[in-house]
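Enquirer: attaching a predicted model along with its sequence, questions to come.
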Amino acid sequence: MKSRFPYLAAGLVLGATLGALTALLFTTEKGKELQKQASDSAKNLKNDIADRIDSIKKLIEEKMQRAEKL
């Protein structure tokens, strides 16, 4: 039986993201600064995740090259 964890984790992240975005869309004028901060944080998080994925890909490629030499 396949693990359902990846689907559960993706669903939780998607639900939390949609909930946060909905809340931000309905904030008052004072909430505009909060919206900008959240947007900036989301962009930074996206960039950090992309960087980590690239690092992991490189690490896997290096390990595979070492394994092929054995």
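Expert: Received, thanks. Residues are numbered from 1 along each chain as shown.
Enquirer: and the helices in this protein?
Expert: Ranges of helices within the chain are 5-25, 31-69, based on DSSP state H.
Enquirer: could you tell me the least trusted of the ones you listed?
Expert: Ranked by mean pLDDT, the helices of the chain bottom out at helix 5-25, which scores a mean of 80.
Enquirer: packing partners of it?
Expert: Helix 5-25 sits against helix 31-69, with contacts defined as 3 or more C-beta pairs under 8 Å, 6 or more residues apart in numbering; DSSP states H and E. Just so you know, the C-beta spots here come from the backbone N, C-alpha and C atoms, and that holds for glycine as well.
Enquirer: using CSV, list the CA coordinates for stretch 11-21.
Expert: Extracted in CSV, the C-alpha atoms of stretch 11-21 (Å, rounded to 0.1, in the frame of the first residue of the first chain):
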residue,chain,number,x,y,z
GLY,A,11,-3.4,19.1,0.9
LEU,A,12,-2.5,20.7,4.2
VAL,A,13,-0.1,23.1,2.6
LEU,A,14,-2.5,24.0,-0.1
GLY,A,15,-5.4,24.5,2.4
ALA,A,16,-3.3,26.7,4.6
THR,A,17,-2.1,28.7,1.7
LEU,A,18,-5.6,29.2,0.3
GLY,A,19,-6.9,30.1,3.8
ALA,A,20,-4.2,32.7,4.3
LEU,A,21,-4.7,34.2,0.9
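Enquirer: got the contact list for that stretch?
Expert: For stretch 11-21, contacts defined as C-beta atoms under 8 Å, 6 or more residues apart in numbering pick out residue 38.
Enquirer: quick one: distance of it to the chain centre.
Expert: With C-alpha atoms, centre = their mean, to the nearest Å as the basis, stretch 11-21 stands 11 Å off its chain's centre.
Enquirer: mind listing what's buried along it?
Expert: Under the neighbour-count criterion of 16 or more other C-beta atoms under 10 Å, stretch 11-21 has nothing buried.
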